[in-house]
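> Sequence first, then the predicted structure:
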Amino acid sequence: MESLRRAKRLLALAQTGLHYATSPFDKERYEEIEAIAHAQLAELASMDIGRVTELFAQESGYANPKLDVRCAVFDDAGDILLVKETADGRWSLPGGWADVGLSPAENAAKEVREESGYSVDIVRLLAVWDMAKHAHPPSIFHIWKLVFLGQVTGKDCALGQETSAAQFFDLENLPALSLGRVLPQQLARLRHLKEHRQADFD
(Lines give C-alpha, C1' and ligand atoms only; values in the text may rest on other atoms or scores of the structure.)
Protein backbone atom coordinates (compact mmCIF):
# COMPACT_ATOMS: atom_id res chain seq x y z
CA MET A 1 0.00 0.00 0.00
CA GLU A 2 1.61 3.21 -1.21
CA SER A 3 0.08 5.44 1.49
CA LEU A 4 1.46 3.14 4.21
CA ARG A 5 4.90 3.17 2.60
CA ARG A 6 4.85 6.98 2.52
CA ALA A 7 3.76 7.23 6.17
CA LYS A 8 6.56 4.90 7.28
CA ARG A 9 9.08 6.86 5.21
CA LEU A 10 7.84 10.14 6.72
CA LEU A 11 8.27 8.71 10.21
CA ALA A 12 11.77 7.48 9.40
CA LEU A 13 12.76 10.95 8.16
CA ALA A 14 11.36 12.54 11.33
CA GLN A 15 13.21 10.06 13.56
CA THR A 16 16.50 10.58 11.75
CA GLY A 17 15.96 14.35 11.74
CA LEU A 18 15.41 14.35 15.51
CA HIS A 19 18.64 12.39 15.93
CA TYR A 20 20.75 14.93 14.03
CA ALA A 21 18.92 18.22 14.69
CA THR A 22 20.64 20.70 17.00
CA SER A 23 18.31 23.67 16.67
CA PRO A 24 15.28 23.65 18.99
CA PHE A 25 13.22 25.01 16.10
CA ASP A 26 14.26 22.08 13.85
CA LYS A 27 13.49 19.61 16.64
CA GLU A 28 10.05 21.12 17.05
CA ARG A 29 9.36 20.74 13.32
CA TYR A 30 10.57 17.12 13.27
CA GLU A 31 8.40 16.34 16.32
CA GLU A 32 5.40 17.74 14.44
CA ILE A 33 6.24 15.61 11.40
CA GLU A 34 6.60 12.59 13.71
CA ALA A 35 3.14 13.25 15.19
CA ILE A 36 1.62 13.54 11.70
CA ALA A 37 3.24 10.23 10.69
CA HIS A 38 1.94 8.54 13.87
CA ALA A 39 -1.58 9.76 13.05
CA GLN A 40 -1.32 8.51 9.48
CA LEU A 41 -0.05 5.09 10.56
CA ALA A 42 -2.79 4.80 13.19
CA GLU A 43 -5.45 5.57 10.61
CA LEU A 44 -4.02 3.20 7.98
CA ALA A 45 -3.55 0.35 10.46
CA SER A 46 -6.86 0.99 12.29
CA MET A 47 -4.99 1.44 15.56
CA ASP A 48 -5.26 3.90 18.40
CA ILE A 49 -2.78 6.73 17.89
CA GLY A 50 -1.60 6.36 21.50
CA ARG A 51 -0.71 2.73 20.81
CA VAL A 52 1.26 3.68 17.69
CA THR A 53 3.13 6.38 19.63
CA GLU A 54 3.88 3.83 22.37
CA LEU A 55 5.23 1.29 19.85
CA PHE A 56 7.63 3.84 18.39
CA ALA A 57 8.60 5.45 21.71
CA GLN A 58 11.77 3.34 21.95
CA GLU A 59 12.76 4.01 18.34
CA SER A 60 15.47 6.65 18.23
CA GLY A 61 18.63 7.44 16.33
CA TYR A 62 19.07 6.88 12.62
CA ALA A 63 15.96 5.01 11.43
CA ASN A 64 16.59 1.45 10.22
CA PRO A 65 14.37 -1.49 9.22
CA LYS A 66 13.58 -4.03 11.93
CA LEU A 67 15.22 -7.44 11.53
CA ASP A 68 13.10 -10.60 11.81
CA VAL A 69 15.18 -13.80 11.92
CA ARG A 70 13.52 -17.14 11.06
CA CYS A 71 14.66 -20.73 10.56
CA ALA A 72 13.39 -23.31 8.06
CA VAL A 73 13.84 -26.86 9.34
CA PHE A 74 12.87 -29.83 7.13
CA ASP A 75 12.66 -33.51 8.04
CA ASP A 76 13.68 -36.40 5.76
CA ALA A 77 10.22 -36.47 4.16
CA GLY A 78 10.48 -32.80 3.18
CA ASP A 79 7.96 -31.63 5.82
CA ILE A 80 8.66 -28.28 7.46
CA LEU A 81 8.77 -27.43 11.16
CA LEU A 82 6.17 -24.87 12.25
CA VAL A 83 5.34 -23.47 15.67
CA LYS A 84 1.95 -22.32 16.92
CA GLU A 85 2.06 -18.67 17.99
CA THR A 86 0.27 -17.91 21.25
CA ALA A 87 -0.32 -14.35 20.02
CA ASP A 88 -2.80 -15.37 17.31
CA GLY A 89 -3.16 -19.16 17.53
CA ARG A 90 -1.71 -19.60 14.04
CA TRP A 91 1.45 -21.28 12.77
CA SER A 92 4.76 -19.86 11.61
CA LEU A 93 8.44 -20.62 11.16
CA PRO A 94 10.29 -20.40 14.46
CA GLY A 95 11.82 -16.97 14.81
CA GLY A 96 11.37 -13.36 15.86
CA TRP A 97 13.16 -10.06 16.34
CA ALA A 98 16.95 -10.29 16.31
CA ASP A 99 18.54 -9.96 19.76
CA VAL A 100 21.53 -7.71 20.41
CA GLY A 101 24.68 -9.66 21.24
CA LEU A 102 23.98 -12.61 18.95
CA SER A 103 24.76 -13.08 15.27
CA PRO A 104 21.83 -13.63 12.89
CA ALA A 105 22.60 -17.37 12.72
CA GLU A 106 22.86 -17.60 16.52
CA ASN A 107 19.50 -15.83 16.78
CA ALA A 108 17.93 -18.34 14.39
CA ALA A 109 19.20 -21.35 16.37
CA LYS A 110 18.09 -19.80 19.67
CA GLU A 111 14.59 -19.13 18.36
CA VAL A 112 14.18 -22.73 17.16
CA ARG A 113 15.30 -24.06 20.53
CA GLU A 114 13.06 -21.73 22.54
CA GLU A 115 9.96 -22.02 20.34
CA SER A 116 10.04 -25.69 19.29
CA GLY A 117 12.32 -27.52 21.75
CA TYR A 118 14.58 -28.68 18.90
CA SER A 119 18.29 -27.98 18.80
CA VAL A 120 19.61 -27.23 15.33
CA ASP A 121 22.81 -26.50 13.49
CA ILE A 122 22.51 -23.59 11.10
CA VAL A 123 23.49 -24.80 7.64
CA ARG A 124 23.25 -21.65 5.51
CA LEU A 125 21.22 -18.56 4.66
CA LEU A 126 18.21 -19.26 2.42
CA ALA A 127 16.58 -15.86 1.97
CA VAL A 128 16.68 -12.15 2.76
CA TRP A 129 13.23 -10.71 2.14
CA ASP A 130 11.76 -7.23 2.48
CA MET A 131 8.28 -7.92 3.85
CA ALA A 132 6.89 -4.90 2.02
CA LYS A 133 7.62 -6.69 -1.27
CA HIS A 134 5.53 -9.72 -0.32
CA ALA A 135 1.79 -10.20 0.23
CA HIS A 136 1.90 -9.93 4.03
CA PRO A 137 -0.80 -7.92 5.83
CA PRO A 138 0.30 -4.27 6.20
CA SER A 139 2.69 -3.54 9.07
CA ILE A 140 3.48 -0.19 10.65
CA PHE A 141 7.15 -1.25 10.77
CA HIS A 142 9.51 -1.72 7.83
CA ILE A 143 10.78 -5.27 8.33
CA TRP A 144 13.52 -7.32 6.69
CA LYS A 145 13.28 -11.07 7.15
CA LEU A 146 16.34 -13.37 7.23
CA VAL A 147 15.56 -17.08 6.86
CA PHE A 148 18.22 -19.68 7.64
CA LEU A 149 18.25 -23.42 6.95
CA GLY A 150 18.52 -25.47 10.13
CA GLN A 151 19.30 -29.15 10.69
CA VAL A 152 17.96 -30.92 13.78
CA THR A 153 20.60 -32.23 16.18
CA GLY A 154 18.33 -33.09 19.12
CA LYS A 155 15.19 -32.32 21.08
CA ASP A 156 15.42 -31.75 24.79
CA CYS A 157 13.92 -28.36 25.61
CA ALA A 158 10.44 -27.31 26.69
CA LEU A 159 8.51 -24.76 24.65
CA GLY A 160 8.78 -21.10 25.62
CA GLN A 161 5.95 -18.69 26.34
CA GLU A 162 5.54 -17.42 22.77
CA THR A 163 4.49 -20.77 21.27
CA SER A 164 2.11 -23.52 22.34
CA ALA A 165 3.00 -26.35 19.93
CA ALA A 166 5.61 -27.46 17.38
CA GLN A 167 5.02 -29.89 14.52
CA PHE A 168 6.29 -30.89 11.07
CA PHE A 169 3.81 -30.30 8.23
CA ASP A 170 3.53 -31.40 4.62
CA LEU A 171 3.60 -28.29 2.44
CA GLU A 172 0.49 -29.57 0.67
CA ASN A 173 -1.43 -29.77 3.96
CA LEU A 174 -0.51 -26.67 5.93
CA PRO A 175 -2.38 -25.39 9.00
CA ALA A 176 -3.68 -21.82 9.28
CA LEU A 177 -0.57 -19.65 8.97
CA SER A 178 0.26 -16.44 10.81
CA LEU A 179 0.40 -14.44 7.59
CA GLY A 180 2.11 -11.46 9.20
CA ARG A 181 5.05 -13.79 9.80
CA VAL A 182 5.09 -16.21 6.85
CA LEU A 183 3.17 -16.96 3.65
CA PRO A 184 2.47 -20.39 2.11
CA GLN A 185 4.28 -19.44 -1.10
CA GLN A 186 7.33 -18.49 0.95
CA LEU A 187 7.42 -21.96 2.54
CA ALA A 188 7.32 -23.55 -0.91
CA ARG A 189 10.06 -21.19 -2.07
CA LEU A 190 12.24 -22.13 0.93
CA ARG A 191 11.98 -25.84 0.10
CA HIS A 192 12.97 -25.05 -3.51
CA LEU A 193 15.96 -23.01 -2.30
CA LYS A 194 17.04 -25.83 0.01
CA GLU A 195 16.78 -28.51 -2.69
CA HIS A 196 18.60 -26.46 -5.32
CA ARG A 197 21.20 -25.01 -2.93
CA GLN A 198 20.22 -21.45 -3.80
CA ALA A 199 19.60 -18.23 -1.89
CA ASP A 200 16.91 -15.63 -2.49
CA PHE A 201 16.77 -11.87 -1.94
CA ASP A 202 14.59 -8.88 -2.81
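Everything's here; your move.
> doesn't residue 59 fall inside a helix?
No: according to DSSP: H, G, I helix; E, B strand; the rest coil, residue 59 belongs to no helix; its state is coil.
> what helix or strand is the nearest residue to it once chain neighbours are set aside on?
Spatial nearest neighbour of residue 59, excluding adjacent residues (Cβ to Cβ, 6 or more residues apart in numbering): residue 15 at 6.0 Å. In this view, the C-beta of every residue, glycine as well, is placed from N, C-alpha and C. Assigned by DSSP states H and E, residue 15 falls within helix 2-20.
> can you list the domain ranges for this structure.
The chain breaks down by automatic domain parsing into domains covering 2-55, 66-201.
> Including mean pLDDT and mean neighbour count, could those go into JSON lines?
JSON lines is the format used below for the domains of the chain (pLDDT from 0 to 100; neighbours: other Cβ atoms under 10 Å):
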{"stretch": "domain 2-55", "mean pLDDT": "84", "mean neighbour count": "15"}
{"stretch": "domain 66-201", "mean pLDDT": "95", "mean neighbour count": "17"}
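> packing partners for the longest helix seen in the chain?
Longest helix in the chain, counting residues (DSSP state H): helix 24-44. The contact analysis (3 or more Cβ pairs under 8 Å, 6 or more residues apart in numbering; DSSP states H and E) places helix 24-44 against helix 2-20, helix 49-55.
> Take these and lay them out in TSV including distance to residue 96.
TSV is the format used below for the helices and strands packed on helix 24-44 (distance: least, Cβ to Cβ, whole Å):
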stretch	distance to residue 96
helix 2-20	20
helix 49-55	16
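> Show the contacting residues for the spatially most central residue of the chain.
Closest to where the C-alpha atoms of the chain average out (Cα atoms, centre = their mean) is residue 68, at 3.3 Å. When the contact criterion is Cβ atoms under 8 Å, 6 or more residues apart in numbering, the partners of residue 68 are 95, 96, 97, 98, 131, 143, 144, 145, 146, 181.
> and which of those is nearest residue 154?
Of all these, residue 154 sits closest to residue 95, with 19.2 Å by Cβ to Cβ.
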